[in-house]
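**Q** Okay, here's the prediction I keep looking at, along with the sequence it came from:
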Amino acid sequence: MPYLPIEEHGVIGDMHTAALVGVNGEIDWLCFPRFDSPSVFAAILDHKKGGSFKIAPVDPHVKNRQLYHPDTNVLITRFLSPHGVGEIVDFMPVDSSPEQTHRHLLVRRVNVVRGSVWFRMDCAPAFNYARTPHTVTLHKGGGASFHTDELSLGLATSVPLRRRGGSVYADFTLDAGQSASFALQRVEDDEGAGPLLTDEEYSALHRKTVAYWRNWLSHCTYRGRWQEMVRRSALALKLLTYEPTGAIVAAPTTSLPEAIGFGRNWDYRYTWIRDASFTLYALLRIGFTSEAAHFMDWVQKRCAELEKDGSLQIMYGIDGRHRLTEETLDHLEGYRKSKPVRIGNGAYDQLQLDIYGELMDSVYLFDRGGTQISYDLWTNVRRLMNWLCEHWERPDEGLWEVRGGRQHFTYSKVMSWVAFERAIRIAELRGLPSDLEKWRGARDRIYEEVLEQGWDAERKTFVQCYGGTALDASNLLLPVVRFLGPRDPRVLGTLDATLHDLVSDSLVYRYNPELAAHDGLEGSEGTFSICTFWLVESLVRADRLDDARLVLEKMFTYANHLGLYAEQIGPSGEALGNFPQAFTHLALITAAFNLDRALDRSRRRQGLVPNN
């Protein structure tokens with residue numbers, strides 16, 4: 001296959017950008033120098049035009065293996081051949097410098113640990129999503145550079161290179177104990193390929209990078225049953241953090257399809273307000289308070305940039321920019337010919353009422369966690385709540401950003417209730433100036449409306465839209481956000497209906513496209529990974545701990561070989577959608593934490609462990 005399966009990738013990065021590295025030794029996705037910059041390598045979206053950086057044995061009879069250096073984001077890709085064993089160590093050194101001075105270095109170290117291995121290296125960048133031509137220069141001192149008017153990259157190496165069109169390649173053989181290094185970095189036109197990495201310099205960079213990730217992970221306070229999965233999720237989330245602002249991208253990729261051959265392809269290299277409460281909760285639960293504070297700082301700045309009418313966008317650029325104009329790149333064929341390839345995201349100006357609940361829940365969590373919110377933030381919160389008082393009754397595009405017309409989504413109304421409920425709590429706890437009478441009135445009207453219009457009395461379940469019959473997995477969150485108690489008959493009825501209608505071998509579909517509100521798109525999709533973790537949470541709250549544990553353990557078998565998840569899981573267990581997805585890993589952390597805590601409580605009740 002010209003396209004490696006999505007799940008057969010690892011990810012490396014420097015908290016400014018990230019690269020996907022296949023088990024075949026190919027980097028087929030890298031935007032440079034930021035997550036949302038135009039791509040330099042995008043073969044995952046067009047294997048002919050997209051560009052890639054591949055290092056692999058020439059021998060076709062090779063077994064590929066991949067792992068992370070323990071407790072780090074340093075990736076090791078191994079090749080087991082009849083003639084020897086080789087490996088590539090891939091990483092991007094972490095640098096806290098400002099964006100304009102950050103080194104943005106990609107290091108690839110090829111080692112042979114047994115026998116002798118003949119390698120082929122191909123470096124074929126395709127700048128600006130393969131739209132901007134470039135020139136190539138081979139340098140006498142070694143290495144090569146690639147030039148465009150906007151960006152120039154240097155490939156520094158001691159391995160002799162040859163030029164082929166707009167790419168360079170090399171064939172080289174290494175015996176046991178030998179190695180070769182490649183360093184890709186930004187250069188000026190007259191800089192050549194950049195400095196070569198000596199063995200000592202490589203070792204120093206490697207040690208420093210490993211030490212950084214291990215020191216960071218040492219702050220994780222989770223000591224439960226699923227440490228390996230939780231810690232890998234934490235490392236993935238840190239990797240998806242844009243260090244200069246604290247924003248976390250939903251995923252580092254664009255247009256990896258939710259269904260092969262259809263148009264369900266989106267750009268996820270932005271930050272959603274919706275993720276705020278999930279992010280704060282997950283990070284605080286496992287001890288990453290500084291990351292939570294950094295992300296909250298990004299959120300507060302967006303609250304100071306409200307629209308003229310006092311509303312909030314659903315998503316922003318990692319630097320806080322508002323306009324995320326969507327366009328299609330028709331010259332790229334898409335992953336496995338799944339067009340269109342999109343950059344930008346046209347949903348940025350949708351009306352999604354649920355974001356106000358997620359925002360206020362995050363503000364409440366942050367305030368309750370010991371860092372009292374500022375008066376300036378509260379002033380903007382009051383503006384938001386007063387805007388919501390006037391607009392919560394409107395239909396919207398909902399949590400799933402449908403493009404088939406606005407509806408009265410039950411989850412959107414519930415989260416509007418959450419927004420008022422949390423704002424009232426903060427105001428009363430802190431004695432802050434507020435419009436409590438107006439907020440209480442809106443809160444109570446929403447509550448009664450949801451119970452009347454979002455509830456199907458015949459089927460005994462909450463439904464996706466007022467007056468509809470289709471279910472929606474987002475309604476599993478009603479007890480999580482404390483709209484109803486975890487064992488309320490309406491909650492248990494919704495859980496049972498969801499298990500019947502939307503669950504396949506523990507995996508959860510977010511809705512049935514044939515029955516749900518028209519989402520404006522063709523084709524079906526895979527199961528939604530975050531919804532499966534929501535199912536775990538719902539089962540925990542219903543005190544069905546054995547069921548919850550089985551669902552969680554089964555879900556772990558759908559992770560890739562490195563413990564990473566894409567957005568969705570296909571009918572054969574394949575990864576679908578953008579990869580790796582932050583939202584899924586946030587939900588994994590929360591589900592594992594809460595189930596672990598519930599199991600410990602259950603054991604204490606049974607007298608199996610000391611009650612201390």
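**A** Nice, thanks for sending it over.
**Q** hey, where'd the helices end up in the stretch 501-612 of the chain?
**A** If DSSP state H, counting those that start in this stretch is used as the criterion, the helices of the stretch 501-612 of the chain fall at 529-541, 545-556, 582-605.
**Q** no, scratch that, I was asking about the stretch 301-450 of the chain
**A** 354-368, 375-391, 410-430, 436-453.
**Q** Any chance of those helices in JSON lines with mean pLDDT and mean neighbour count as columns?
**A** Glycine gets a C-beta too; all of them are placed from N, C-alpha and C. Below are the helices of the stretch 301-450 of the chain laid out as JSON lines (pLDDT from 0 to 100; neighbours: other C-beta atoms under 10 Å):
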{"stretch": "helix 354-368", "mean pLDDT": "93", "mean neighbour count": "24"}
{"stretch": "helix 375-391", "mean pLDDT": "95", "mean neighbour count": "17"}
{"stretch": "helix 410-430", "mean pLDDT": "97", "mean neighbour count": "23"}
{"stretch": "helix 436-453", "mean pLDDT": "98", "mean neighbour count": "16"}
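**Q** Tell me, how many residues neighbour Val113?
**A** 15 (other C-beta atoms under 10 Å).
**Q** out of everything not next to it in sequence, what's closest to it?
**A** Val85 (5.1 Å; C-beta to C-beta, 6 or more residues apart in numbering).
**Q** likewise Phe483?
**A** Per C-beta to C-beta, 6+ apart, closest to Phe483 is Val414, 5.2 Å.
**Q** Check whether that neighbour really touches Pro479, as I assumed.
**A** No. In this structure, Val414 is not within contact of Pro479 by C-beta atoms under 8 Å, at 10.8 Å.
**Q** Moving C-terminal from the lengthiest strand in the chain, which element do we reach first?
**A** For the chain, the strand with the greatest residue count under DSSP state E is strand 105-124. Note on strand 105-124: by DSSP states H and E, the next helix or strand toward the C-terminus is helix 127-130.
**Q** Can you give me the pLDDT of Leu515?
**A** Listed pLDDT for Leu515 reads 69.
**Q** returning to that earlier point: quick one: contacts for the residue nearest to Phe483?
**A** Going by C-beta atoms under 8 Å, 6 or more residues apart in numbering, Val414 touches Asp354, Gly357, Ile446, Val450, Gly454, Asn475, Leu477, Leu478, Val481, Phe483.
**Q** what sits against the second one?
**A** The contact partners of Gly357, by C-beta under 8 Å, 6+ apart, come to Ser277, Val414, Met415, Ser416, Trp417, Val418, Ala419, Arg422, Val481.
**Q** how about the nearest residue to the fifth one, chain neighbours excluded?
**A** Using C-beta to C-beta, 6+ apart and skipping the chain neighbours, the partner closest in space to Trp417 is Ile446 (4.4 Å).
**Q** Give me the nearest residue to Leu539, chain neighbours excluded.
**A** Ala548 (3.7 Å).
**Q** Let me know how buried that neighbour is, in neighbour terms.
**A** Neighbour tally, Ala548, other C-beta under 10 Å: 23.
**Q** Would you confirm that it contacts Asn594?
**A** No. Using C-beta under 8 Å, Ala548 makes no contact with Asn594, being 9.0 Å away.
**Q** Need the residues touching each of the two.
**A** Val540.
**Q** Buried residues of stretch 243-263, list them for me.
**A** Neighbour-count burial for stretch 243-263, counted by 16 or more other C-beta atoms under 10 Å, picks out 243-260, 263.
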